[in-house]
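> Fold the following.
(chains A and B)
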Amino acid sequence: MNRVVPGPRILPYSRVVAQEELKLALELHHVVPRIGGVLMAGPRGTAKSTLVRAFALMAHGELPVTLPINATDDRVVGGWDLDALIRGEPRPQPGLLEDAADKGLLYVDEVNLLDDHLVDIILDVAATGYLSVQREGLDTAKHLSFGLVGTMNPEEGGLRPQLLDRFGLMVTAETLGATARHLLLRTVLDFEQELGREDSAWLSAARRDDARTRERLTAARRRVGDVDVPDRVLELCARAAERTEAVGQRGEIVAVLAARALAALEGADRVTPAHLRRVLPMALRHRRPEVVHGDTFDWESDEARLQDLFEA
Amino acid sequence: MAADPGLPHLPPASPSRPPVDGTAATGAVPYDDPAHRLGLALVCAAAEPALSGVLLLDLDPRLVDPVARMFGAVLAGAAEPARPPLVLGAADRDEDLWTRTRIRGGEHGITVLTEPGPLVEGDDADGAPPLVVVPDLARLSVAGMRAAVQLLGADVVTVARAGPHRTVRPRARWLAVCRGADVGRVSRHLLDRFALRLSMAGLRPPGPGEALAAPEAGEVREALLAGLPDTWRAAVHRGVRPVPVGDAAIGRARELLGPDAGVRRQLALLRLARTLAALDGRPSASAEHSDAAARLIGVAVPQSAPDRPESDPEPPGPEPGAPGPPGTLPERGGAGGHGGPRTRDGDRGLLDTGPAEGIGTAPGVAPSPAAGNPYPEDEPAAVRDAVPLSGPRRRTTGPVATRGIVIGTRRATDLRDIAHVRTVREAAVHQRARRTDRFTVSPVDLHGNVRAAAPERVLVLLLDHTCRDGTGDDGHWQQVLAPFLQWAYTSRATVQVIEVGAADAADELRAGSFTARSVLDPRVPGALYRRAGRATPLAHGVELAAQALRRLFRRPGTGPAEAWLVVVTDGRGNVPLRVSHTGRPAGEVAATGVEDAVEAAARIGTMDRTRLHVAVVDPGREPYGDLPYVLADRLGAIVVDGRHGSGAEAAGE
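Reported below is the predicted structural model:
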């Protein structure tokens, strides 16, 4: 039995106020799924979960496959349909990872609160792209590929470096200024009021804006394969990773993929250093040694270290 | 309607304040009365799903049940009986909350049925929203806290546990209670999810005389519900339609909450303001509604704000004689002055239902001008528990694997600490498919217990407050203790504090004692800075320490692996043990107080030294500077110089 509530009441993506970095990360990931996932960190009440759900509704027309923090492992990797089993009918039931592979996205809310053994399972599958289930009389093996989107409030604890590294991009929610806050409050209250109206012009306009964004993303997906990446950009990327002492090479690869996606979104034919610089914090901030040892995700000092690279 | 013994209702206005005419207007609510604020808050929470979480701070524990039943009655309305609430506590587990397995015996053996659990079963049902009650939020299990974080204020929630897989839209209302001093043990993340937070420190149970004068209980529920204005009853039953919120209301809410308030907090205040406006039949919410909402939850509202934004222009009210702008408090002793919508019974509103019974402010106690801080976690002194929403780490080796109370089950990897019922239940599910002659338990059915982390380490602090030199320079004293406290913090030790000679002791002839779950308990730092009194019942303190240690080490199965006893004293006890026991001074004391303390210390000296370490902190007072050494000798303790030394070495750092 899989029941879904009709008509989720999520603020339309086009009406989410501010958090441009978070939106850009989701859009880049949508254009180039090989980026491998997005992690969003930020204090409570910064619209992280709303943004992910709104994006999925805008881009896919449905809510993302969501892995709740209290999920059981058989629901994650798949098992037997329990109701059928009780009736004596052995009927396999796909897990959330398979559902995510079908839809391309697995959303983990409060990812830092996930039980360790579930984290291990997700890590294995995300890293190898291979799900093998050998238990409870099941004997299955499948190739699975999905983007991992997680949200977390760092106040409630951190993430293991291995899991951090599995997220291609990492972004932090911005603290809003007075004007943006006012606009946010205005928007949420207006949205809640408009929900009760049958023919809401406000909601219709938001849906139209969402459709335009979807078209823009679709066009960028088509175009991204033709976007050229000059050697100079690759060299810059390598030097930036060296300067920030990024752990491993995944950061550089993701940075180039993201820069290419950004160029496609902007309609450019080739990736420029400006594209790269825009996405570098997302690709490298969670791969620096100090973060691996539990430090913050602050990027300001690294920005200063990269200044002359991009001025040259 | 059937009698409902003990169901509380709201008290009338104070006798010193004449009844307010037309109290259906939310602006006419006397916000300095916690009972009235509570009543209106519950109506708002029932009417507006976005205000589904109600957190009451410092509510008298005796009032939890009456308030829960009152909330249940408001939610159910007059048309249907109130459903029993789901009560969550320290022992709730994921498998009990999200899914429910029913096992029935039949002709063909055992039948197993899986259903949605109590947290989500009411989300598909018709009728009044379910009510979840948490009598002590700080002691809620990790599973319960995580469930609250997922459900409170969420639009959709996914349940992905064995059995029914579903995405639900939560409808339940939550009523949680927490001591203000305990908020540090609750995740801020979780606290933030409660849209309505009120300090109820001023709410008192009725005195015995009032209880005897109470009306027939069966009348109370009817009075409560009939007293609601028609518009409010409709709002509670069907919910309120959100009214527009003016920019002035938004600006005012931000001003009232301050620049550092989170968006969720601001939204909660504005939703409350919007609900108050809707209850009053107003077409939009204005700055005055933000003021009223702030007063309701206890946020200070400046009476005169020179730069206060102008109110939104509002269309005239829905009917002639509509109430004045909410938030304008009726003058104490005045008539209120608003002509609000009349109730069916004339002019009795929710807040004037019947005589006082069940809940009310303490007789004779003047309402406090400050309603209490609804956000105590913002206080700089609030101590914080680390990652309270994370479950206990799995223990894989040693005897600790079977310590602690069972808080859940998980698939077993060995045969230790098997959860038998869960294992048999798993096996029962598969019996038909296995088609075996007998009931078969296979290795994949095996489940083990998940246990709460039982304290493995204990710090017993014996503090003699009279050993200070009176100069007020206690820096060394706290500095010496710091390593022991750090050890207790890092090893998550429980702390037993025994105090001797405090100026504010309940009985100066006896030592006092309390147990704290960790050093983060605010009582622990409080005990370090107590003023000194006159008497020093040191012998009684040492005796209490010995009893505490003996009790800890004798606890079957969950005794501590390591304990520290740290005694801070100059050794100059002046209360004999017999005096402490009898509570009566008798004869000359002389050296009896010291001798009794040394004798009591000898009993600790004979305890198991493989798990117990003892240190005496010597404050270095003269004369009789050797007394701490005598005590340490009997205790088998090391001596730490309390003036210049540091306990770091002693605590193994």
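> And whichever residue of the stretch 351-500 of chain B sits closest to chain A, how far from residue B:276?
Of all residues in the stretch 351-500 of chain B, residue B:432 sits closest to chain A, at 3.4 Å by C-beta to the nearest C-beta. All C-beta atoms are positioned from the backbone trio N, CA, C, and that covers glycine. According to C-beta to C-beta, to the nearest Å, residue B:432 stands 57 Å off from residue B:276.
> Can you check the pLDDT for the residue most central in space within chain B?
Nearest to the geometric centre of chain B sits residue B:178, at 2.0 Å (C-alpha atoms, centre = their mean). pLDDT, residue B:178: 94.
> Please name the nearest non-neighbouring residue to it.
residue B:137 (3.9 Å; C-beta to C-beta, 6 or more residues apart in numbering or on different chains).
> The one you found: what's it in contact with?
By C-beta atoms under 8 Å, 6 or more residues apart in numbering or on different chains, residue B:137 lies in contact with B:55, B:176, B:177, B:178, B:182, B:186, B:190.
> Name all residues that make contact with the residue of chain A positioned farthest from its centre.
Residue distances from the centre of chain A (C-alpha atoms, centre = their mean) peak at residue A:88, which lies 40.1 Å from the mean C-alpha position. Residue A:88 makes contact with B:432, B:433, B:435, according to C-beta under 8 Å, 6+ apart.
> Run through the strands of the stretch 501-650 of chain B in chain order.
Remark: strands assigned in the stretch 501-650 of chain B by DSSP state E, counting those that start in this stretch are B:512-516, B:562-568, B:612-618, B:638-641.
> tell me what the second one is packed against?
Spelled out, it's strand B:562-568. On a contact count with 3 or more C-beta pairs under 8 Å, 6 or more residues apart in numbering or on different chains; DSSP states H and E, strand B:562-568 meets strand B:457-464, helix B:475-490, helix B:538-554, strand B:612-618, helix B:627-635.
> now the strands of the stretch 501-650 of chain B in JSON lines, with mean pLDDT and mean neighbour count?
Below are these laid out as JSON lines (pLDDT from 0 to 100; neighbours: other C-beta atoms under 10 Å in any protein chain shown):
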{"stretch": "strand B:512-516", "mean pLDDT": "87", "mean neighbour count": "17"}
{"stretch": "strand B:562-568", "mean pLDDT": "91", "mean neighbour count": "25"}
{"stretch": "strand B:612-618", "mean pLDDT": "90", "mean neighbour count": "25"}
{"stretch": "strand B:638-641", "mean pLDDT": "87", "mean neighbour count": "18"}
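> so residue B:169 makes contact with residue B:156?
Yes: using C-beta atoms under 8 Å, residue B:169 is in contact with residue B:156, at 5.7 Å.
> ok so, going back, now the closest residue in space to the residue of the stretch 351-500 of chain B closest to chain A that isn't next to it in sequence: how far from residue B:431?
Nearest residue to residue B:432, sequence neighbours excluded (C-beta to C-beta, 6+ apart): residue A:88, at 3.4 Å. Taking C-beta to C-beta as the measure, residue A:88 and residue B:431 are separated by 9 Å.
> List only those of the contacts of residue B:137 flagged as buried.
Buried members of those, scored by 16 or more other C-beta atoms under 10 Å in any protein chain shown, are B:55, B:176, B:177, B:178, B:182, B:186, B:190.
> what's the nearest residue to the first one if we skip its chain neighbours?
It refers to residue B:55. Nearest to residue B:55 is residue B:194, by C-beta to C-beta, 6+ apart, at 3.8 Å.
> give me every residue that touches the closest residue to chain A within the stretch 251-400 of chain B.
Nearest residue of the stretch 251-400 of chain B to chain A, counting by C-beta to the nearest C-beta: residue B:264, 3.5 Å away. By C-beta under 8 Å, 6+ apart, the contact list for residue B:264 reads A:44, A:45, B:153, B:192, B:193.
> Many thanks, we can stop here.
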